[in-house]
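J.: just to be clear, the model below is a prediction. Sequence and coordinates:
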Amino acid sequence: MSKLLKTPLYAAHVALNGKIVPFAGYELPVQYADGALKEYTAVRNGEAGIFDITHMGQVRVSGPESLAFLQYVTTNDVAKLVDGQVQYSALLNVHGTFVDDITTYKIADAHYYLCINAANRHKDVAHLQVEAANFDVIVSDESDSTTLLALQGAKAQAALQPLLQMSLDDIGYYKFAVTTLDGHEIIVSRTGYTGEDGFEIYLPNALAEKVWQALLDNGAVPIGLAARDMLRTEMGYALYGHEIHDGVTPVEARLMWITKLDKGDFIGKAAVAARKAEGPQQRLIAIKLTGRGIPREHYKVWVDGVESGEVTSGMHSPMAGGVALAYVKPEHAEQGDISVDIRGKLIPAERTGLPFVRSNVKK
Amino acid sequence: MTIPADLKYTKEHEWVRIEGDIATVGITDHAQEALGDIVFVETPEIGRVVDAGEAYAVVESVKAVSDVFAPVAGEVIEINEALEGQPELINTDPYGAGWIAKVKMSGATSELLSDDEYTLFTEE
């Protein structure tokens, strides 16, 4: 295994008694001194939490054929984006299965910015570079020079506003601004992975410690990976390696809302269209245990006495109890008595909608 | 980290308080600290007969599922029902309100350590 990387905030995490674990090739805090539950509660119940998600990758796409290139390599309709808008999207391979899920930022005509998953960074960049050879575009991987912070929770705006000259009121949900801080260009977007209002802030590494400390001084609570996963699972947000991977298409993952078959050709389109026509091989569903227990990843899901699939993400939600996302056979997506095998006992569950708890994003 | 002098310990970080032939069992402060926030406890059925060293309960933290091993052999005669609604009692009071079960001992035990021996063991 290659050497683990440290983010520019590694020393800050250690100073805050962060419990450091290997994650996606980085040494990152799974929790800080007060523990995951208190961190989760701070974000859900009205505070602001700050997350070091520098492990995520960033790719800048520029050049006259940027739009045509991104229409071809991503699933969503990039032509719908206005300057300063963010779009959830995906990269597929020719089989229609996932290379990654991403967000696409439109900075200007012929100038876009992609945020990609840490574990997929080199795979994604190679995939993009291969396709870029056929377009008049420049694809540059800026991951190593970019620090990414997420600031999430009801008090996020109050914590961030004092650092900036622009008004955060001008940034709507899934919108962003390119602004300056100490003479450096930064990107501030009203996006996140928690179901709370908040921002993701792209910084040059030189500003990382200063901005981190300023946000702590403004009352933000540091949040580790464990609470981050609780917050995203409660929203039912897909996570690469769990709900989405190179074995499923957007049809199975219920991500056809970001897969626009009517926008022109893109990588994987034909395979997705075929899968849609023939029907999915499995379906992602949301379930809530009615019996006691915690449905964990890889636990088997049973429907009407047969094994139908398995949990992809599961947790004990302080508000909703034992909840999970799971793949089941398509005929079991909507009907049949459902249960989860927890240590050899079938614990009854029911299908439910998403999110598992109320979202407070400001749409 | 506290290690009370009046208890015995195992190398799997369980504690046992023996009074006559009744053993009260739980997990140590060291164990709860390492696990982090405990959000679920699966206690054994009353009447279940366990061997020394047998997994008799499960504690789950936010990220991990851990078996709890019986320090002594015997019959489970009482369980801590408060843990169903308040699993965090194991975090806040591991040797008191966070006890897991009471076992009527039948004789055999795991290798039991004194407080001093357990202190040395956790420092190794």
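T.: Received it, and whenever you're ready, just let me know what you need.

J.: okay, CA-based contacts and neighbour counts for the rest of this
T.: OK.

J.: biggest helix in chain B by residues?
T.: Counting by DSSP state H, the longest helix found in chain B is helix B:115-123.

J.: buried ones in that one?
T.: Using 16 or more other Cα atoms under 10 Å in any protein chain shown as the test for burial, helix B:115-123 gives B:115, B:118, B:119.

J.: ok, how many other residues are close to the residue nearest to the first one when sequence neighbours are not counted?
T.: The one in question is residue B:115. Excluding the flanking residues, the one nearest residue B:115 by Cα to Cα, 6 or more residues apart in numbering or on different chains is residue B:5, at 5.3 Å. For residue B:5, the neighbour count with other Cα atoms under 10 Å in any protein chain shown is 9.

J.: return the residues in contact with residue B:5.
T.: B:114, B:115, B:116 (Cα atoms under 8 Å, 6 or more residues apart in numbering or on different chains).

J.: pretty sure the second one sits against residue B:2.
T.: No: with contact taken as Cα atoms under 8 Å, residue B:115 and residue B:2 are classed as non-touching, separated by 9.8 Å.

J.: who's in contact with stretch A:297-308?
T.: Outside stretch A:297-308, the residues that touch it by Cα under 8 Å, 6+ apart are A:309-314, A:326-329, A:332, A:336-342, A:346.

J.: assumed residue A:211 was part of a strand.
T.: No: Residue A:211 is assigned helix when assessed by DSSP: H, G, I helix; E, B strand; the rest coil, not a strand.

J.: which stretches in chain B count as helices?
T.: Using DSSP H, the helices of chain B run over residues B:29-35, B:82-85, B:89-92, B:115-123.

J.: report how many residues lie close to residue 83.
T.: You didn't say which chain, so I picked chain A. Neighbour tally, residue A:83, other Cα under 10 Å: 15.

J.: other chain: chain B
T.: 20.

J.: show me what contacts residue 76?
T.: Assuming you mean chain A. Counting by Cα under 8 Å, 6+ apart, the residues that residue A:76 touches are A:87, A:88, A:89, A:90, A:258, A:259, A:260.

J.: my question was about chain B
T.: B:44, B:45, B:46, B:47, B:48, B:49, B:50, B:101, B:102, B:103, B:104.

J.: of those residues - the most surrounded one?
T.: Going by other Cα under 10 Å, residue B:103 tops the contacts of residue B:76 with 27 neighbours.

J.: the most centrally placed residue in chain B bridge partners, please.
T.: Per Cα atoms, centre = their mean, the C-alpha nearest to the average position across chain B is that of residue B:26, at 2.0 Å. On the basis of DSSP bridges, residue B:26 is bridged to residue B:15.

J.: wait, isn't it in contact with residue B:97?
T.: No: Residue B:26 is not in contact with residue B:97 according to Cα under 8 Å; the separation is 9.9 Å.

J.: name the residues of stretch A:130-144 that come out as buried.
T.: Buried residues in stretch A:130-144 (16+ other Cα under 10 Å): A:132, A:137, A:138, A:139, A:141, A:143.

J.: those residues in helices, which ones?
T.: residue A:132.

J.: Serialize the buried residues of stretch A:130-144 to JSON lines and add fields for distance to residue A:117 and pLDDT.
T.: As requested, the buried residues of stretch A:130-144 are exported to JSON lines (distance: Cα to Cα, whole Å; pLDDT from 0 to 100):
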{"residue": "A:132", "distance to residue A:117": "19", "pLDDT": "98"}
{"residue": "A:137", "distance to residue A:117": "22", "pLDDT": "98"}
{"residue": "A:138", "distance to residue A:117": "20", "pLDDT": "98"}
{"residue": "A:139", "distance to residue A:117": "16", "pLDDT": "98"}
{"residue": "A:141", "distance to residue A:117": "13", "pLDDT": "98"}
{"residue": "A:143", "distance to residue A:117": "11", "pLDDT": "97"}
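
J.: ok, which stretches of the stretch 251-363 of chain A are helices?
T.: A:269-278 (DSSP state H, counting those that start in this stretch).

J.: how about the strands in it?
T.: A:283-289, A:300-303, A:306-317, A:321-328, A:338-342, A:345-351 (DSSP state E, counting those that start in this stretch).

J.: the longest one - what's its average pLDDT?
T.: Think strand A:306-317. Averaging pLDDT along strand A:306-317 yields 98.

J.: now swap in the first one and tell me
T.: Within the predicted structure, the mean pLDDT of strand A:283-289 is 98.

J.: check which helices and strands it sits against.
T.: Here strand A:283-289 touches strand A:321-328, strand A:345-351, going by 3 or more Cα pairs under 8 Å, 6 or more residues apart in numbering or on different chains; DSSP states H and E.

J.: and it, which strands flank it?
T.: Within its sheet, strand A:283-289 is paired with strand A:321-328 (antiparallel), strand A:345-351 (antiparallel), according to DSSP bridges.

J.: could I get these as a markdown table with mean pLDDT and mean neighbour count?
T.: Below are the strands paired with strand A:283-289 laid out as a markdown table (pLDDT from 0 to 100; neighbours: other Cα atoms under 10 Å in any protein chain shown):
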| stretch | mean pLDDT | mean neighbour count |
| --- | --- | --- |
| strand A:321-328 | 98 | 26 |
| strand A:345-351 | 98 | 18 |
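
J.: of these, which is nearest residue A:32?
T.: strand A:321-328 (23.6 Å; Cα to Cα).

J.: where's the residue lying farthest from the centre of chain A relative to residue A:326, distance?
T.: Here chain A reaches farthest from its C-alpha mean at residue A:305, the gap being 34.2 Å by Cα atoms, centre = their mean. Separation of residue A:305 from residue A:326 (Cα to Cα, to the nearest Å) stands at 17 Å.

J.: residue B:57 pairs with what?
T.: With DSSP bridges applied, residue B:57 shows beta-bridge pairing to residue B:68.

J.: surely it touches residue B:40?
T.: No: using Cα under 8 Å, residue B:57 is not in contact with residue B:40, being 10.7 Å away.

J.: which of those two has more neighbours?
T.: Comparing residue B:57 with residue B:40 by other Cα under 10 Å, the one with more neighbours is residue B:40, at 23 against 18.

J.: near chain A, which residues of chain B are found?
T.: Neighbours of chain A within chain B, by Cα under 8 Å from any Cα of the partner chain: B:36, B:37, B:39, B:40, B:42, B:62, B:63.

J.: ranking these by neighbours, who comes first?
T.: residue B:39 (28 neighbours).

J.: now, of the contacts of stretch A:297-308, which are buried?
T.: A:309-314, A:326-329, A:332, A:338-342, A:346.

J.: any idea how many residues pack against residue 66?
T.: In the absence of a named chain, chain A is used. Other residues near residue A:66 come to 22 when the count uses other Cα under 10 Å.

J.: oops, chain B please
T.: Applying other Cα under 10 Å, I find that residue B:66 has 13 neighbouring residues.

J.: and the helix or strand containing residue A:50, which strands flank it?
T.: Taking DSSP states H and E as the criterion, residue A:50 maps to strand A:49-52. Strand A:49-52 pairs in its sheet with strand A:146-152 (antiparallel), strand A:221-222 (parallel), by DSSP bridges.

J.: report the buried residues of it.
T.: A:49, A:50, A:51, A:52.

J.: try stretch A:237-251
T.: For stretch A:237-251, by 16+ other Cα under 10 Å, it's A:237, A:238, A:239, A:240, A:243, A:244, A:245, A:248, A:249, A:250, A:251.

J.: stretch A:184-192 now?
T.: Neighbour-count burial for stretch A:184-192, counted by 16+ other Cα under 10 Å, picks out A:186, A:187, A:188, A:189, A:190, A:191, A:192.
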